[in-house]
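> sequence unknown, structure follows:
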């Protein structure tokens, strides 16, 4: 029994790659022809982009190969309870629409880190957060690119290093030429490809499993887990509440805010998040549901491919299934690979555009504020190429690092989101916040979460309990199967923890129940679900940050535009409720005091 990649599959895959490249190049030349060659045009599409394409681009930006590979794996191994993750995303996006957008959009920024300079009057916090953001994006690009490339090696037999080079070169060229407009419109195209891939897998898998009833009757659809024990990997509470900060971090990222800044009005920016909410949830639901459908498919065949040892790593579940499910349908395996590639392209292009914008606005423009716009755009294109080369180097570096180092990288990513969210929430909402206070708070949160991550990874904890395995009595039909390249399959099994680690998970090594010794006190602490790590870092950072801010000297001048006002941004702008004359007079005096304020007055 052999699964092979056919000529129609190659045609579908290559056509998708070429189309993405040509769309990017087209918009590059189109913008040049219309003389849109300023940094505002290059990074923000002149701040005049339509809401719908930007919204789709926003959705696709955070729809990397992690979602295509790892979310179905979560559904397969741990069940449909993972769907509650969509609820935390909804809360984060609604919060962003009403509490983030009204403050940040009117400032007409290019880089999210500019805000910190406006708010505190210095560049200390700005550069610290910028460095963290750059490091995050570079390693994120490298890890996603490598994980996706190895998945292609499993299915197509192309060496992973060749696809790393191809991915990065193609994405870097069209992003460098076309800027954010190229990124947005290729994202729209890639969204269609990814969505089609998800629908095809769910539909075909459901039919072959025996219909929707057979799928729902599996134990993967038991989501009755409402216990308050934080040590349980997935419950309603840690997925819907504990994961809010995980999603909120994306709202404050440069990639997200770059799209917010590219639409013309606050209303359009708010609608971006509100429209994105159901769209993104739809993708999350389809991705997790795909895992449940795949489990039902193999349940019907009498072989749980993970429990039966047919595959050794959960990340291989989807590629393996695609090659079997569509083995007799030439072109459809190519569609899946096209969807996976589109996810990688969208992530790479968004990250490259963000890194270029950060470098221009927070480094080049700060040192040379009078730089010629046309020259600045050319320089930004070169910066994009440089970051593409660096990302390629990091991809190759990750390919030779041992798994434990990849786990450390996951820990580094996990400790960033909570503290960074704290900075961008306290800065506009706590006027007594100071640079030193926020830095101390962020450092405290990072240290605690890093400690928790290290403990979870290296304290000898057993794997988290999973859903009961399916039958394995009929797994002989898959023995000695050839999925294009057995060497690639082995490499995929041993080396692709990078993709799975990026969703802050620990790969379960067995689905069987074993007797484990009683845990120590520290091990009980380390057993807390990873879903709470971001929230833990956020809460600790906020408490320490507020206390430290009270003990340090506040800024001498505070720009009132940088502060959130419930009266202004909610009651007046959103509901049109104006103050009374007396309140208005006192409010005007208060606004004056906000802008020019002596130390110690708050």
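It's in. This is a predicted model, so every value here is computed, not measured. Numbers count the residues shown, from 1 in each chain.
> Okay, now the unreliable bits of the stretch 151-300 of the chain?
Scanning the stretch 151-300 of the chain for pLDDT under 70 picks out 154-155.
> run the last query once more with 80
Along the stretch 151-300 of the chain, segments meeting pLDDT under 80 span 151-158, 160.
> how about the helices in it?
Per DSSP state H, counting those that start in this stretch, the stretch 151-300 of the chain carries helices over the ranges 160-209, 212-216, 236-240, 244-251, 254-262, 266-301.
> now for the ones you listed, which one comes closest to residue 13?
The closest of those to residue 13 is helix 160-209. By Cβ to Cβ, the value is 10.3 Å. In short, each C-beta sits where N, CA and C put it, glycine included.
> tilt between that closest one and helix 266-301?
70 degrees (axes from the mean of the first three to the mean of the last three Cα atoms, to 10 degrees).
> ok and helix 160-209 relative to helix 254-262, angle-wise?
Per the same axes, to 10 degrees, the angle that helix 160-209 makes with helix 254-262 is 80 degrees.
> Identify, out of the helices of the stretch 151-300 of the chain, the most deeply packed stretch.
helix 254-262 (a mean of 26; mean count of other Cβ atoms under 10 Å).
> In contact with the residue positioned nearest the centre of the chain, which residues?
By Cα atoms, centre = their mean, the chain has its centre lying nearest to residue 62, at 4.1 Å. By Cβ atoms under 8 Å, 6 or more residues apart in numbering, residue 62 lies in contact with 250, 255, 256, 280, 347.
> quick one: which of these is nearest to residue 43?
Using Cβ to Cβ, the contacts of residue 62 come closest to residue 43 at residue 255, 11.5 Å.
> measure that closest one to residue 133 for me?
10 Å (Cβ to Cβ, to the nearest Å).
> care to break the chain down by domain?
What automatic domain parsing lists as the domains of the chain is 2-407, 565-602.
> Output the helices of the stretch 151-300 of the chain in a markdown table; the columns should cover distance to residue 551.
Below are those laid out as a markdown table (distance: least, Cβ to Cβ, whole Å):
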| stretch | distance to residue 551 |
| --- | --- |
| helix 160-209 | 42 |
| helix 212-216 | 56 |
| helix 236-240 | 33 |
| helix 244-251 | 25 |
| helix 254-262 | 31 |
| helix 266-301 | 35 |
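> right, so of the ones you listed, which gets closest to residue 459?
The nearest among those, by Cβ to Cβ, is helix 236-240 at 19.7 Å.
> Distance from the chain centre to the host helix or strand of residue 352, please.
Secondary-structure assignment from DSSP states H and E places residue 352 in helix 332-359. Computed by Cα atoms, centre = their mean, to the nearest Å, the chain-centroid distance of helix 332-359 equals 12 Å.
> and that helix with helix 160-209, angle?
130 degrees.
> after helix 332-359 comes which helix or strand?
Helix 332-359 is succeeded, C-terminally, by helix 365-367 (DSSP H and E).
> Now do the next helix or strand after that next one: which elements does it pack against?
Next in sequence after helix 365-367, counting helices and strands by DSSP H and E, comes helix 373-400. On a contact count with 3 or more Cβ pairs under 8 Å, 6 or more residues apart in numbering; DSSP states H and E, helix 373-400 meets helix 39-44, helix 124-156, helix 160-209, helix 332-359.
> In JSON lines: those helices, plus distance to residue 70.
JSON lines is the format used below for those (distance: least, Cβ to Cβ, whole Å):
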{"stretch": "helix 39-44", "distance to residue 70": "30"}
{"stretch": "helix 124-156", "distance to residue 70": "9"}
{"stretch": "helix 160-209", "distance to residue 70": "14"}
{"stretch": "helix 332-359", "distance to residue 70": "11"}
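> Of these, which is nearest residue 530?
Set against residue 530 and scored by Cβ to Cβ, the helices and strands packed on helix 373-400 come closest in helix 124-156, at 16.7 Å.
> Next, the angle from that closest one to helix 254-262.
Put simply, helix 124-156 runs at 110 degrees to helix 254-262, going by the same axes, to 10 degrees.
> related to what we said a few turns ago, and the domains of the chain: which comes nearest residue 471?
Closest to residue 471 of the domains of the chain, according to Cβ to Cβ: domain 2-407, at 5.1 Å.
> tell me how far that closest one is from the chain's mean position?
Distance of domain 2-407 from its chain centroid, counting by Cα atoms, centre = their mean, is 6 Å.
> how about low-confidence regions in the stretch 351-500 of the chain?
In the stretch 351-500 of the chain, residues with pLDDT under 80: 398-414, 457-458, 479-500.
> Can you name the residues that contact residue 535?
Here residue 535 is in contact with 241, 242, 243, 244, 245, 418 (Cβ under 8 Å, 6+ apart).
> so which strand or helix has the nearest residue to the last one once chain neighbours are set aside?
Same thing as residue 418. Nearest residue to residue 418, sequence neighbours excluded (Cβ to Cβ, 6 or more residues apart in numbering): residue 537, at 2.7 Å. Taking DSSP H and E as the criterion, residue 537 maps to helix 533-550.
> Show me which residues of that helix are buried.
By 16 or more other Cβ atoms under 10 Å, the buried positions in helix 533-550 come out as 533-542, 544-546, 548-549.
> Let me know the closest of the residues you listed to residue 7.
Nearest to residue 7 among the buried residues of helix 533-550: residue 534, at 45.4 Å, using Cβ to Cβ.
> Am I right that the closest one is in contact with residue 417?
Yes - using Cβ atoms under 8 Å, residue 534 makes contact with residue 417 at a distance of 4.9 Å.
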